[in-house]
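Asks: got a sequence here, can you build the structure:
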Amino acid sequence: MFLDIIPVSYYKSVIRSVSVSSEMTAYRRHQFQSLLSLFDKPPSDIRVLEIGAGNGQYSELLNEIFPHCYATEKFSCTPAQHSIKYIDTHPDDNDFENALNSYGPFDLVCCFSYLEHLPDPAKTMKYIDNLLSPGGFALIEVPNCDYIRKKGLLNESIPDHLHYFTAKSLLSIAAPTQLNLHALESTWSSYILSFTFTKLENASIVSSRLSTSHSSLVSQINSLLTQFPLDAKVAVWGAGHQALFTLASTSLHSRVDYIIDSSTAKQGQYIQGLNQKVSPPSILDKQRISLLFIICAGYNDEVVAALRNYSLPGPVQAFSIRENSLVEEQL
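Replies: The predicted structure follows:
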């Protein structure tokens, strides 16, 4: 929902009740402290930006936790704010993103009760997306129009607010970006919608990680196979897509003697490209297997537990693939 009017003359100014509300100050301190759990690095390595900082009350609280804190808009600083870097720019300025790029990318971008004042909040969402590092987080809060409509709060309709966001409408302007919803809550007596987004990594980063991780796994499997003589019997427990991909992409496909699966629907079926049938687990009672790979993803623990109840005819070295590593299992 939006108002079809021009912004008020002072729309670039931000006035917040935190300067006079001890309860809000305590709430924000707790909220900002909890943001640390989103990161796997210390606060000193986290770069934080607040867009629309007004008189800097929230930036000051953020700076208590995150020593590298930046904020947009120019205002007078208290002594406690001297370590905060203020950038005199606004989302409506043509050079807004360029003015901030030299300080980023940022690990956390915050924007509190600000988007609703802007003529083009979707543009600001794109700026937030561009300024965030891959895997970074954005904390964005707006007045809760769902609550306003539900309670019929006409006195919440003011010309200062050009837009009134529901959860659905704010997510709609985030949809064209790489910002993915991490958490959403209605807070402060339901007057505020608080969104936490995380920025998805781009395709090249993901592709590189997938390739590097799988190459490491391939190397581990190939190295392990060289430690066993060619006449040693090798089996794979698992006929799902994880096992089949691993067979096809490593030297395991040329060494495997048995493919085992507890699914009766798969037993007796041929594995495409290998000309091997899927065997039931009972084959372990009859064949002397020297090396066993367990490739069942989330079912690995269940398979290992079942194997410990088997009376195997000889010693077996068993390894499960857990994520991208071989882990030896004690049977």
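Asks: from here on, just use CA atoms for contacts and neighbour counts.
Replies: OK.
Asks: tell me where this protein has helices.
Replies: Along the chain, the segments classed as helices by DSSP state H run 22-34, 57-65, 96-101, 121-131, 145-151, 167-174, 203-225, 241-249, 300-307.
Asks: and those helices, which one is worst for confidence?
Replies: Lowest mean pLDDT of these: helix 145-151, a mean of 73.
Asks: packing partners for it?
Replies: Helices and strands touching helix 145-151, by 3 or more C-alpha pairs under 8 Å, 6 or more residues apart in numbering; DSSP states H and E: there are none.
Asks: only alpha carbons, please: show it as CSV.
Replies: Once non-C-alpha atoms are left out, helix 145-151 reads as follows in CSV (Å, rounded to 0.1, in the frame of the first residue of the first chain):
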residue,chain,number,x,y,z
CYS,A,145,0.7,-2.7,7.9
ASP,A,146,-0.8,-6.1,8.6
TYR,A,147,-1.3,-5.0,12.2
ILE,A,148,-2.5,-1.5,11.1
ARG,A,149,-5.2,-3.0,8.9
LYS,A,150,-6.2,-5.7,11.3
LYS,A,151,-6.8,-3.2,14.1
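Asks: ranges for the strands of the protein?
Replies: For the chain, the strands defined by DSSP state E occupy 47-50, 68-72, 85-87, 106-112, 132-143, 179-187, 192-199, 234-237, 258-260, 270-271, 276-279, 291-294, 317-322, 325-329.
Asks: ok, which of those comes nearest residue 23?
Replies: Judged by C-alpha to C-alpha, the one of the strands of the chain that comes nearest to residue 23 is strand 179-187, at 13.4 Å.
Asks: orientation of the closest one relative to strand 192-199 in degrees?
Replies: Here strand 179-187 runs at 160 degrees with respect to strand 192-199, directions being taken by axes from the mean of the first three to the mean of the last three C-alpha atoms, to 10 degrees.
Asks: now mean neighbour count and distance to residue 317 too, for the helices of the chain, in CSV please.
Replies: Putting the helices of the chain into CSV (neighbours: other C-alpha atoms under 10 Å; distance: least, C-alpha to C-alpha, whole Å) gives the following:
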stretch, mean neighbour count, distance to residue 317
helix 22-34, 13, 45
helix 57-65, 21, 50
helix 96-101, 16, 54
helix 121-131, 21, 49
helix 145-151, 15, 59
helix 167-174, 16, 51
helix 203-225, 13, 11
helix 241-249, 15, 18
helix 300-307, 14, 12
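Asks: Throw those into TSV and include distance to residue 323, thanks.
Replies: As requested, the helices of the chain are exported to TSV (distance: least, C-alpha to C-alpha, whole Å):
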stretch	distance to residue 323
helix 22-34	29
helix 57-65	34
helix 96-101	36
helix 121-131	30
helix 145-151	42
helix 167-174	31
helix 203-225	9
helix 241-249	10
helix 300-307	11
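Asks: tell me which of the ones you listed lies nearest to residue 40.
Replies: For residue 40, the closest of the helices of the chain is helix 22-34, at 12.9 Å, according to C-alpha to C-alpha.
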